[in-house]
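Engineer: build me a model:
(chains A, B, C and D)
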There are 4 protein chains.
Amino acid sequence: MKKVLFLLLAFSLFSFKEKRPLNVVFFGDSITEYAVQPKGFITLIQQRLKDEHKDADYTVAGAGIGGDKIYDLYLRYENDVLTKKPDVVVIWVGVNDVWHKRLAGTGTDYVKFGRFYTALIKKFQAQNIKLVLCTPASVGEKTDYTNELDGDLNKYSQYIRDIAKEYNCGLVDFRALFHEYGLKNNPENKEKDILTKDGVHLNDEGNKYVADLMYKATIK
Amino acid sequence: MKKVLFLLLAFSLFSFKEKRPLNVVFFGDSITEYAVQPKGFITLIQQRLKDEHKDADYTVAGAGIGGDKIYDLYLRYENDVLTKKPDVVVIWVGVNDVWHKRLAGTGTDYVKFGRFYTALIKKFQAQNIKLVLCTPASVGEKTDYTNELDGDLNKYSQYIRDIAKEYNCGLVDFRALFHEYGLKNNPENKEKDILTKDGVHLNDEGNKYVADLMYKATIK
Amino acid sequence: MKKVLFLLLAFSLFSFKEKRPLNVVFFGDSITEYAVQPKGFITLIQQRLKDEHKDADYTVAGAGIGGDKIYDLYLRYENDVLTKKPDVVVIWVGVNDVWHKRLAGTGTDYVKFGRFYTALIKKFQAQNIKLVLCTPASVGEKTDYTNELDGDLNKYSQYIRDIAKEYNCGLVDFRALFHEYGLKNNPENKEKDILTKDGVHLNDEGNKYVADLMYKATIK
Amino acid sequence: MKKVLFLLLAFSLFSFKEKRPLNVVFFGDSITEYAVQPKGFITLIQQRLKDEHKDADYTVAGAGIGGDKIYDLYLRYENDVLTKKPDVVVIWVGVNDVWHKRLAGTGTDYVKFGRFYTALIKKFQAQNIKLVLCTPASVGEKTDYTNELDGDLNKYSQYIRDIAKEYNCGLVDFRALFHEYGLKNNPENKEKDILTKDGVHLNDEGNKYVADLMYKATIK
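Structural biologist: Numbers count the residues shown, from 1 in each chain, chains lettered A, B, ... in the order given. As a prediction, this is how the structure comes out:
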């Protein structure tokens, strides 16, 4: 009898431990900030987890703040991400690092972008957190590389691809994926209204597309 | 007798008129300014005119000033170009309009680039001057559109292609031609040293390549 | 009888010529564009001319377009100002030349600001038009020189003071006058709401203040 | 005898502890980086400590890197400053935060400047390190506030004065001190060659002046 009880207890403890859900945090700028809204991609992922009865296995949360650049993420990773005790962190940043050069004279030097990004990777990996890196999708959806910032976005995206490999991180290459999607679905070479509502921020279609890709990258 | 004399006179006047060489002026920024140096593309064109015994039929001259943007050309077209009484003007500008946004905060708005460019075209065409427009070739020679300013250069180049058609001007599409050339001759995706020495200004190979294209566009 | 008639006719012709009003055109950016609105400084000057029964002697008109820099004025002085056959032109420009460096990367180089300004002065003076130059008043009304662009605005203003003297033009030094006004009337060191509604564009008080100064500078 | 020995030992231990020199680290950008050169202000302070026989009581060291902005200091304060176990840290930063807006489109937003600066202060104060903050001295030495960046430098300097008070830090107000010095010693309103060699980096006179002020602020 005692043995059974012990086994039962052991089992329940074990299953309790097993049942602790895997904690995924999306860390980024306004695109991620908006993702927790009703039709945002984080909300869609939460929905799907319920639909597929995996919501006991995974929790997903957002930690996005509008206007953030890579160094802003570095400043707040402890308070806004580590405190959530994540198992997986998805980093999606870069649009403002490029865009704010033009917008306000306060973008991020290419070399310093790299310096802060690698520092951030190391801080997370020192906590045994798995990382998925994302390239910045678009500032303008034209597909012939005539969006003003295409060159710089391509340059920063290539950097992210390289360090994803170097630091053994996952990668969702939105820059390439959005371009491919546009080649198929944007025959009129429009600046927006394909996956975004303004060239940058996701519309409903964009949130669905991103939710699907993010799901595949983080949920098994 | 009188008639013969008259015919003779008429013929000589006519031939005198015929013999006035066609006057081609290259109007632009530092790339054009350097083109009159010993190995520059204007010098190479002059050489070739001699070699092909056409130097009595054509004169070519440069009117390039480093740092010039489209509005600088507009400011000085009277003093620096009209005074040369050109039959053909080749306009090659745009690099600084894009580049100086980043370099000094003093680039040219896209809309105003168009406004000044069309104003300049009209001023020349009002003088019955034939025009050849050129797209800005490159700021960085990488072929995968990861040069920082690729997007904006593509955008301004597309505008130039459009107005060349609209205003019935010739076009030398260096932006497209340099890209094609790079795809064949820049397998390592280098930033410079293909047709330029610094990503922008022509090296010897670049001057030869441009001289050949400019020759075809202006000399019959 | 005939003589009298002739004299009468002569007199009326003469007085007709005498009565041709002096034509003043205000040429500038959005500050001048807004000046023709009901409470704008051009409207206030027109009112005062009526009140003082001088509206037969003077006409005043605006030629302001929002966002204009010195080179935009140069592009449109013929169509927008010379066609109005002005006797006096008041040029008020410079805010955007400085501001757009930060706002959009498309401000005006200091050296080129001078080049276009002097070219514009010469074009007007070649038509025997009298000129009154104005320094840019403010981007931010704080009086301790902590408005972000104070240094650059001071620099460009000094240039305008110097060429006003060099080219024998009138000068309304709004930069100095607004600063003085602020020292007396802005004890809390506010950024706006003294003479402007946003640091740049005149509020009602500002329009009154400017109308008075402009009146003194152009009307005898 | 034993007791005496013990007392002697105790005393020597105590005095040994007392004799541990106070460790001062200068933390900043290129101005601080150059300060360890033969005629630099850190070298001059070291010299003076020797001359005044205080070199056993104080050690001073530099941790300056050219081009650094406030967030760069935040990235490297652990490796470059905390590892030196300082008692006092002198922070001198801000020039590049303002200047790089114009130079490269990569300056620091005013709000984020504040966010990083206060974060850095808190990190140091959590280690019981005493802080001395310095305002950015100059980008251009003209005394009539016509240096292009004067407004923005004044704005950021005012912020530094405010947080020095708020966080109970020492302050060396180079912005005000250089301006005062210039009013006395720069009657020709020169852009450089008073305390700097290029408007920003200290010349010999500047290093002496700064050494003296820094000495007074850190050495008793």
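Engineer: and the closest residue to residue A:149 other than its chain neighbours, how far from residue A:150?
Structural biologist: In this structure, residue A:149 finds its nearest non-sequential neighbour in residue A:139, 4.7 Å apart by C-beta to C-beta, 6 or more residues apart in numbering or on different chains. Where you see a C-beta, it was placed from the backbone N, CA and C, and this is true even at glycine. From residue A:139 over to residue A:150 the distance is 8 Å, taken as C-beta to C-beta, to the nearest Å.
Engineer: which of the two has more neighbours?
Structural biologist: Per other C-beta atoms under 10 Å in any protein chain shown, whichever of residue A:139 and residue A:150 has more neighbours is residue A:150, with 30 against 22.
Engineer: residues contacting the more buried one?
Structural biologist: A:140, B:145, B:150, B:151, B:154 (C-beta atoms under 8 Å, 6 or more residues apart in numbering or on different chains).
Engineer: which residues sit in contact with the second one?
Structural biologist: Right, residue B:145. Residues in contact with residue B:145 (C-beta under 8 Å, 6+ apart) are A:145, A:150, A:151, A:154, B:151, B:154.
Engineer: which helix or strand contains it?
Structural biologist: Counting by DSSP states H and E, no helix or strand carries residue B:145.
Engineer: same deal with residue A:63?
Structural biologist: Under the assignment here (DSSP H and E), residue A:63 is part of strand A:58-64.
Engineer: would you mark the buried spots in that strand?
Structural biologist: For strand A:58-64, burial by neighbour count (16 or more other C-beta atoms under 10 Å in any protein chain shown) applies to A:58, A:59, A:60, A:62, A:63, A:64.
Engineer: next: stretch A:158-169.
Structural biologist: Under 16+ other C-beta under 10 Å, the buried positions of stretch A:158-169 are A:159, A:160, A:163, A:164, A:169.
Engineer: residue ranges with poor pLDDT in chain A?
Structural biologist: A:1-19 (pLDDT under 70).
Engineer: hmm, try it at 50
Structural biologist: A:1, A:7-16 (pLDDT under 50).
Engineer: which bits of it sit near chain C?
Structural biologist: Taking C-beta under 8 Å from any C-beta of the partner chain, the part of chain A that reaches chain C is made up of A:101, A:102, A:104, A:105.
Engineer: could you look up the SS state of the residue nearest to residue A:149?
Structural biologist: Classification of residue A:139 by DSSP: H, G, I helix; E, B strand; the rest coil places it in coil.
Engineer: before we move on, back to that, closest to residue B:133 among the contacts of residue A:150?
Structural biologist: residue B:154 (15.8 Å; C-beta to C-beta).
Engineer: residue contacts, that closest one?
Structural biologist: Neighbour list for residue B:154: A:144, A:145, A:146, A:150, B:145, B:175 [criterion: C-beta under 8 Å, 6+ apart].
Engineer: one more pass at 10 Å, please.
Structural biologist: By C-beta atoms under 10 Å, 6 or more residues apart in numbering or on different chains, residue B:154 lies in contact with A:142, A:144-148, A:150-151, B:98, B:135-136, B:145, B:175-176, B:179.
Engineer: and it, that's in a strand?
Structural biologist: No - counting by three-state DSSP, one finds residue B:154 to be helix, located in no strand.
Engineer: so how far is residue A:175 from it?
Structural biologist: 16 Å.
Engineer: next: residue A:97.
Structural biologist: For residue A:97, the distance to residue A:175 (C-beta to C-beta) stands at 13 Å.
Engineer: residues that sit against both of these two, list them.
Structural biologist: Counting by C-beta under 10 Å, 6+ apart, the residues touching both residue A:97 and residue A:175 are A:136, A:153, A:156.
Engineer: returning to what we had before: so who does the residue nearest to residue A:149 touch?
Structural biologist: A:95-96, A:98-99, A:102, A:147-150, A:152-153, A:191, A:196, A:198-200, B:151.
Engineer: same question for residue A:115.
Structural biologist: A:70, A:71, A:74, A:108, A:109, D:72, D:75, D:76.
Engineer: mind listing the strands for chain A?
Structural biologist: Here chain A has its strands, by DSSP state E, at A:22-28, A:58-64, A:88-92, A:130-134, A:170-172.
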